[in-house]
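Peer 1: Okay, structure incoming, though there's no sequence with it:
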């Protein structure tokens, strides 16, 4: 029997009467962290409050496939074609520094160009770009902006906790579960804490070998989905620098990425998993992995990375000037759920503050050429 996909309606999301108040508190803390990061971060620059350290910006192309089933040919995926793209690979930590201190959570932020239709960002409706900001795990460790109030504090101050050895780690874990003493025992954040532990066990690998998921659910036209950007199996098999030993040098992820892209092209599949059961595939609980036996991921586009040289310092500077947000999308792809809604204004205010402190123009590029020159000739691109 064919799967019955859950239709998108506004009532798939829960209302939170305190959302705006909690969100403003998070924004205020984010601004303070970014302002203090100029001196505290060790780089002399303001950094992002998450995914602070980037490993490079990469030129690519997204090919939206033809002949997709109608349930998947929704929104931007309803129109086959090829679009230029930029990709930022990053570490998930809010801190910069040696890779060994930052953990193995990584991100892939994708910017697709020449997309028609207004974005959901009121201050740049005609940007013509479409972003994903994905992480290398199918779950996340925070469900609501209310819980993000204490989780944000913990992560921004994580180095202080863990520098104290086991006592500091125990205090970090206890304050995570109890919400720093703000939660009643029956409401302790066990699901989110267990999700955090699962994410902390992600093995270190070349960033080209990870799959990257939308942190929560998103609208997919008439349906509800999660989107995954997964390595093309043939390309993944050809990667030479696979396992990463973060203790072997201060910088390990970026050199491995640089070397692979200098030697060969690469490709990812952009895949959509449609919701078939709101109980087992919830919108508001990001700690739950959606079972693939209920709904498999279906490839709707291919992301191709030609061979290219991203080794220069100028690559990092161009990457730093870019802004990515899951809300720079058309309405047919709106992020869903409490914590995804919070990301809209937090990301916007974070970007505004960072660009101001770094004296960088905050302007969305109109083409990939404005940021990076075209990569090697198209004969070097990956087929598929």
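Peer 2: In hand now; what should we look at? Keep in mind that what you see is a predicted model, and the values were worked out from it rather than measured. Numbering: from 1, shown residues only.

Peer 1: what's near enough to touch residue 302?
Peer 2: Shown in contact with residue 302 (C-beta atoms under 8 Å, 6 or more residues apart in numbering): 62-63, 65, 232, 267-270, 384. Backbone N, C-alpha and C define where each C-beta goes, glycine included.

Peer 1: in this structure, which helix or strand is least confident?
Peer 2: Of all regular secondary-structure elements in the chain, judged by mean pLDDT, DSSP states H and E, the least confident is helix 158-162 with a mean of 90.

Peer 1: Mark which of the contacts of residue 302 are buried, thanks.
Peer 2: Among the contacts of residue 302, the ones that count as buried by 16 or more other C-beta atoms under 10 Å are 62-63, 65, 232, 267-270.

Peer 1: ok, and for the helix or strand following the least confident helix or strand of the chain, which residues are buried?
Peer 2: Downstream of helix 158-162, the next assigned helix or strand under DSSP states H and E is helix 165-178. For helix 165-178, the neighbour count (16+ other C-beta under 10 Å) marks 172, 175-178 as buried.

Peer 1: Repeat that for stretch 30-39.
Peer 2: For stretch 30-39, burial by neighbour count (16+ other C-beta under 10 Å) applies to 30-31, 33-34, 37.

Peer 1: Which elements pack onto the host helix or strand of residue 343?
Peer 2: Here residue 343, judged by DSSP H and E, is contained in helix 338-357. If contacts are counted by 3 or more C-beta pairs under 8 Å, 6 or more residues apart in numbering; DSSP states H and E, helix 338-357 sits against helix 19-40, helix 145-156.

Peer 1: Now distance to residue 122 and mean pLDDT too, for those helices, in a markdown table please.
Peer 2: Formatted as a markdown table, these follow (distance: least, C-beta to C-beta, whole Å; pLDDT from 0 to 100):
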| stretch | distance to residue 122 | mean pLDDT |
| --- | --- | --- |
| helix 19-40 | 16 | 94 |
| helix 145-156 | 19 | 93 |
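
Peer 1: Of those helices, which is nearest residue 292?
Peer 2: For the helices and strands packed on helix 338-357, proximity to residue 292 was assessed by C-beta to C-beta; helix 145-156 is nearest, at 27.0 Å.

Peer 1: Can you name every helix or strand that that closest one contacts?
Peer 2: helix 19-40, helix 165-178, helix 338-357.

Peer 1: Residues in contact with that helix: which ones?
Peer 2: Residues from elsewhere that reach helix 145-156 (C-beta under 8 Å, 6+ apart): 16, 18-19, 22-23, 25-26, 29-30, 33, 49, 93-94, 141-142, 161, 172, 175-176, 179-180, 182, 189, 192, 338-339, 341-342.

Peer 1: Apply the buried test to those and list what passes.
Peer 2: 16, 19, 22-23, 26, 29-30, 33, 49, 93-94, 141-142, 161, 172, 175-176, 179, 189, 192, 338-339, 341-342.

Peer 1: on that earlier part again, in the helix holding residue 343, what counts as buried?
Peer 2: Buried residues in helix 338-357, counted by 16+ other C-beta under 10 Å: 338-351, 353-355, 357.

Peer 1: before we move on, what about stretch 200-217?
Peer 2: Of the residues in stretch 200-217, those buried by neighbour count under the rule 16+ other C-beta under 10 Å are 202, 204-217.

Peer 1: Closest one of those to residue 334?
Peer 2: residue 217 (10.0 Å).

Peer 1: where along the stretch 51-200 of the chain do the strands fall?
Peer 2: Listed in chain order, the strands found in the stretch 51-200 of the chain under DSSP state E, counting those that start in this stretch are 54-64, 81-91, 106-113, 129-135.
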